[in-house]
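Trainee: Here's a sequence, model it:
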Amino acid sequence: MSELDWDDPKYVEAPVKVQEYSKMNDKYERSLRRDDNSRGYGGDRKRDDNRGNRDDYGGGRRDNRGNRDDHGGGGRRDNRDNRDNNYGGGRGFSESLSIASEMIGKVIGRAGANISRIQTDFDVYVKVDKIELIVNITGKVQSNVSDAINHVRKQVTSDPGNRGRDQDRRGSFGGGGYGGGGGGHGKSKGSSYEFNPPASRPTTDEGGDLTGSIDWASINKASEAATKARWAKCPPLTKNFYKEAPEVANLSEDQIERIRADNNNISVSHVFEPKEGETAPPIPNPVWTFEQCFAEYPDLLGEITKMGFSKPSPIQSQAWPILLQGHDMIGIAQTGTGKTLAFLLPGMIHTEYQSVPRGQRGGANVLILAPTRELALQIEMEVKKYSFRDMKAVCVYGGGDRRMQISDLERGAEIIICTPGRLNDLVQANVIDVSSITYLVLDEADRMLDMGFEPQIRKVMLDIRPDRQTIMTSATWPPGVRRLAQSYMKNPIQVCVGSLDLAATHSVKQVIELLEDDKEKFRTIKSFVKNMSKTDKIIIFCGRKARADDLSSDLTLDGFMTQCIHGNRDQSDREQAIADIKSGAVHILVATDVASRGLDIEDISHVINYDFPRNIEEYVHRVGRTGRAGRKGTSISFITREDWGVAKDLIDILQEAEQEVPDELHKMATRFKAMKERRAAEGGGFGGGGGGRFGGGGGGGRSGGGGRGGGGRNF
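Mentor: Numbering: from 1, shown residues only. Predicted structure coming up:
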């Protein structure tokens, strides 16, 4: 019958037609065949009785499924056994009890334990209707049914007299269908009770208290105690390895401010208020020579000297004293400013000079998380440049040979560099044990959050000891990065090179070309490539992977040697593309935004935005691929009418860097602003201006009236 038939008071169900079966193909007949106790009742009579029981209990197969869901226990076979053993003849007694919604869980018990207990103790069948808030109990013996009802009533209240209206629903079941004796839901007389317990009255029961208040304070206290007990077993951790040089310690406030101003206007601050009972650590003074930081570590100082650096970069001059003292740090700086070396050398010292020997620490000490494979591999190459006490690094990332990566990890390493997805994979496989990590780096944290890696990062943080040293680097300071830092860092010191406001590097000349369409784009890029000098290297950024493949192919067919890199290419191809552009085997790299961050190719002369990026932040990162390590660079951006939504933000970036702004870009920004104002006045949003697919009228926008417009197509 349909669901509507149940609600129709005039509905009279047709008599059940008993159909003869030549073989046991009915679901309930199969249950008889499996149940030894049922065989004694006989074949045909048993089949008829079972059909009667299905009708009497109202809903047959659907109700049985409901019982399984409601009670959580017993399973399909138990329900069949109860029907066959207790109510095989289709005659019995039924009583119902109406209860308050908050009592449902109490009656059912944990995993259906209370239901099972009542059925066993009283030899009855219990059904709980969560929608109607009714407990229905049926059985062959009336006294058992009454005792079970009274037992349930005692469970949900300590005041048996506090009842609602009583309705007599007691009656014997007919031998099939509803019949004269009835007993189905609301079809014949029986006993029904309603009860609404006071909200303030505590309820406890052997089936489990599911309605009382939860003492979160005690739960949190127990959790903190368990966490402390877990991490108390870890080996001791040393964080401070810094001995301040006398000339650094004696700097006056004016001298400190002048040094920071000369180093790209460094700003240093405590970004969060310390927690109750804690004090913010003092901010160390900046350094201006390598010896002031690493005089105590001559072998590492020798490695730095071999690389030919003359002095620390702006972020290194302030980050090294902070990290060598063991403080958590947030480094905000554009790409190509030396952030990798800023956290890498202190990490090596941190690893080497712990009191517990390396082989007894249970795993690696340094974990560096990077958003892309390219950046992870680049950090690994940076580690290999500095031969310090035979320290080993392993790079693991998605798309690489997993078996080989596991083999490298099993041979042992002090530094693990990885992408978040592969890290979680190997942690779950028990290949990496992050409980030994004491120095954690989240490199390009803003990029990792943009790529949706926050859940993986938070998950792995739970298994890293809480007294670790944590470093976070980022090119921007969005709310997501701030929230992550506040959750997992202790009194971090923020070092910002330049302004926190979004800005492109000033060592890059930014050129804007306004074009009509894609055909003009290709003509322009082809002309530019023809006139390249032999020393030029360019990265051409496209908005889509297919677009990058097509452009690379078209340029190759026209006789220009190119390489292409994007997320769909095999890892070996991506690595080869980077190797070719670095070595000079090719001078043109076509890429998507996978190459916009962390890719460190120092001699890139030009960046071309063939497709303008979706947001202005990505534009800044693309531009940062050139003009690195003190060099000059040029970025050329192709702008079409489709890009007018970013015109205003682009103008702000250009003006901040004191770059030329085309008049047409100003006009484009003005037209876009006028269009937005016009749409807002007309209703804007999802309303709209008549006709079209969704019909005329409209107006109202997202929250105003008008919807999608009147008339037209209706969904």
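Trainee: Residue 511 - nearest residue in space that isn't next to it in sequence?
Mentor: Setting aside the residues directly before and after it, residue 511 is nearest to residue 636 in space (CB to CB, 6 or more residues apart in numbering), at 4.7 Å. Heads up, the C-betas are built off the backbone N, CA and C, glycines and all.
Trainee: quick one: strands adjacent to whichever strand or helix holds the one you found?
Mentor: Residue 636 is part of strand 633-639, with elements assigned from DSSP states H and E. The strands beside strand 633-639 in its sheet (DSSP bridges) come out as strand 508-514 (parallel), strand 606-609 (parallel).
Trainee: Put the alpha carbons of the helix or strand just after it into CSV.
Mentor: Once strand 633-639 ends, the next helix or strand along the chain (criterion: DSSP H and E) is helix 647-656. The C-alpha trace of helix 647-656 is given here as CSV (Å, rounded to 0.1, in the frame of the first residue of the first chain):
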residue,chain,number,x,y,z
ALA,A,647,41.6,45.9,-13.2
LYS,A,648,41.3,47.9,-10.0
ASP,A,649,43.4,45.5,-7.9
LEU,A,650,46.0,45.4,-10.7
ILE,A,651,46.2,49.2,-10.8
ASP,A,652,46.9,49.2,-7.0
ILE,A,653,49.7,46.8,-7.4
LEU,A,654,51.2,48.7,-10.3
GLN,A,655,51.0,52.1,-8.5
GLU,A,656,52.5,50.6,-5.3
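Trainee: Pull out the buried positions in helix 647-656.
Mentor: For helix 647-656, the neighbour count (16 or more other CB atoms under 10 Å) marks 647, 648, 650, 651, 652, 653, 654 as buried.
Trainee: The last one: what's it in contact with?
Mentor: What it means is residue 654. By CB atoms under 8 Å, 6 or more residues apart in numbering, the contact set of residue 654 is 510, 512, 660, 661.
Trainee: where's the spatially most central residue of the chain, which helix or strand?
Mentor: Residue closest to the average C-alpha location in the chain (CA atoms, centre = their mean): residue 455, at 3.1 Å. Residue 455 is part of helix 454-461 when elements are defined by DSSP H and E.
Trainee: Any chance you could list what contacts that helix?
Mentor: Applying CB under 8 Å, 6+ apart, the contact partners of helix 454-461 are 369, 420-421, 423-424, 427, 434, 442, 448, 480, 484, 487-488.
Trainee: Mind checking what helix or strand follows that helix in sequence?
Mentor: Next along the chain after helix 454-461, with elements defined by DSSP H and E, is strand 469-474.
Trainee: Quick check: neighbours of that following strand in the sheet, parallel or antiparallel?
Mentor: Partners of strand 469-474 in the sheet, by DSSP bridges, are strand 329-332 (parallel), strand 439-442 (parallel).
Trainee: closest to residue 154 out of those?
Mentor: Closest of the strands paired with strand 469-474 to residue 154 is strand 439-442, at 56.0 Å (criterion: CB to CB).
Trainee: Might you calculate how far the closest one sits from the centre of the chain?
Mentor: Relative to the chain's own centre, strand 439-442 is displaced by 19 Å; criterion: CA atoms, centre = their mean, to the nearest Å.
Trainee: Check which element follows it along the chain.
Mentor: Taking DSSP H and E, what comes next after strand 439-442 is helix 445-450.
Trainee: what's that following helix packed up against?
Mentor: Using 3 or more CB pairs under 8 Å, 6 or more residues apart in numbering; DSSP states H and E, the elements in contact with helix 445-450 are strand 469-474, helix 479-488.
Trainee: Quick one: closest of those to residue 364.
Mentor: strand 469-474 (14.1 Å).
Trainee: Need the CA coordinates for that closest one. PDB is fine.
Mentor: In PDB, the C-alpha atoms belonging to strand 469-474 read as follows (Å, rounded to 0.1, in the frame of the first residue of the first chain):
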ATOM      1  CA  GLN A 469      59.500  24.200  17.600                       C
ATOM      2  CA  THR A 470      57.200  25.300  14.700                       C
ATOM      3  CA  ILE A 471      58.100  27.600  11.800                       C
ATOM      4  CA  MET A 472      55.600  28.900   9.300                       C
ATOM      5  CA  THR A 473      56.500  30.800   6.100                       C
ATOM      6  CA  SER A 474      54.100  32.600   3.800                       C
END
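Trainee: and the angle for that strand with helix 454-461?
Mentor: Angle of strand 469-474 versus helix 454-461, following axes from the mean of the first three to the mean of the last three CA atoms, to 10 degrees, is 170 degrees.
Trainee: Point out where the stretch 451-600 of the chain drops to low pLDDT.
Mentor: Across the stretch 451-600 of the chain, the ranges flagged by pLDDT under 70 are 499-503, 597-598.
Trainee: The chain too?
Mentor: If you take pLDDT under 70 as the line, the chain has these spans: 1-91, 158-212, 335, 499-503, 597-598, 629, 684-715.
Trainee: Show me it divided up by domain.
Mentor: Annotated domains of the chain cover 3-156, 260-496, 508-677, 686-715 [automatic domain parsing].
Trainee: Which members of the contacts of residue 654 are classed as buried?
Mentor: 510, 512, 661.
Trainee: distance of the first one from residue 400?
Mentor: The reference is to residue 510. 36 Å (CB to CB, to the nearest Å).
Trainee: same thing with residue 480?
Mentor: 28 Å.
Trainee: what do you get for residue 464?
Mentor: 23 Å.
Trainee: Repeat that for residue 145.
Mentor: Distance from residue 145 to residue 400, by CB to CB: 67 Å.
Trainee: Look at the two and report which has more neighbours.
Mentor: For residue 145 versus residue 400, neighbours defined as other CB atoms under 10 Å are more numerous around residue 145 (24 against 18).
Trainee: residues touching that one, list them.
Mentor: 92, 93, 94, 95, 122, 124, 137, 138, 139.
Trainee: Neighbour-wise, which one of those leads?
Mentor: In terms of neighbours by other CB under 10 Å, these top out with residue 94 at 29 neighbours.
Trainee: and that residue, what helix or strand is that in?
Mentor: Assigned by DSSP H and E, residue 94 falls in strand 93-98.
Trainee: Please pull up the helix or strand immediately following that strand.
Mentor: Following strand 93-98 in sequence, per DSSP H and E, is helix 104-108.
Trainee: Check which helices and strands the strand holding residue 94 sits against.
Mentor: strand 134-139, helix 142-156.
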